[in-house]
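1. Turn this into a structure:
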Amino acid sequence: MPLERKKVGEVFHFYGKIGVAAIRLTDDGIALGDTVQIQGPSTNLEQTVDTLQIEHADVSRAGPGQEVGMKVRDRVREKDFVYKLLPAEGLVREPAAKAPQKKAPAKKARPRKATRKKAPVRRKASRAPRSKARRGSRRSRPRSR
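-> Here you go, the predicted model:
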């Protein structure tokens, strides 16, 4: 079934550790259960809205002009556009019958080689710089052979 996209807003921040996109709703609202597409130059993510929060409070829907947090499956970036996917009106086509496809043979998993863990690299403690008087006296002294 073909889907129609309607722009909802844009991502203005992404919280990587918790996987949450902060979205500024500009054109339309979203609700729990809606299917959204987040798209940008290096982003193309499509998922249903499972969680929606405003100021850390769970909400079921949000309208234009609000800023919401939404849990996302993958990384999104600032200035990515957020679209709501809607079933297309008017165009109703029946899907063409697909020809059966052959399955590729499954690859056998090779056993991994045991790798030895490297010891952590320890850095030498840095010394405080020598005083200039001492450094000067060392230079002025004749060297013994």
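2. My guess is Lys79 contacts Gly40. True?
-> Yes: the pair Lys79 / Gly40 is scored as a contact, 6.7 Å apart, by Cβ atoms under 8 Å. C-beta: built from backbone N, CA, C; applies to glycine.
3. Which neighbours do these two have in common?
-> Shared contacts of Lys79 and Gly40, defined by Cβ atoms under 8 Å, 6 or more residues apart in numbering, comprise Val11.
4. Report the contact partners of the nearest residue to Gly69 once chain neighbours are set aside.
-> Nearest residue to Gly69 in three dimensions, chain neighbours excluded: Gln53, at 4.4 Å (Cβ to Cβ, 6 or more residues apart in numbering). Taking Cβ under 8 Å, 6+ apart, we find Gln53 in contact with 59, 68-70.
5. where does the protein have low pLDDT?
-> The model of the chain has pLDDT under 70 over residues 1, 90-114, 117, 122-145.
6. Dig out what the residue lying closest to Thr35 once chain neighbours are set aside forms beta bridges with.
-> Spatially, and ignoring its direct neighbours in sequence, Thr35 is nearest to Leu85 (4.4 Å; Cβ to Cβ, 6+ apart). Beta-bridge partners recorded for Leu85 (DSSP bridges): Arg5, Thr35.
7. is it true that Leu85 touches Gln37?
-> Yes: contact criterion Cβ under 8 Å: Leu85 and Gln37 qualify, at 5.8 Å.
8. So which residues of this structure form helices?
-> 132-140 (DSSP state H).
9. okay, Lys79 and Gly40: which has more neighbours?
-> The neighbour count for Lys79 versus Gly40, taken as other Cβ atoms under 10 Å, is higher for Gly40 (16 against 11).
10. quick one: contacts for the more buried one?
-> So Gly40 contacts 11, 76-77, 79-81 (Cβ under 8 Å, 6+ apart).
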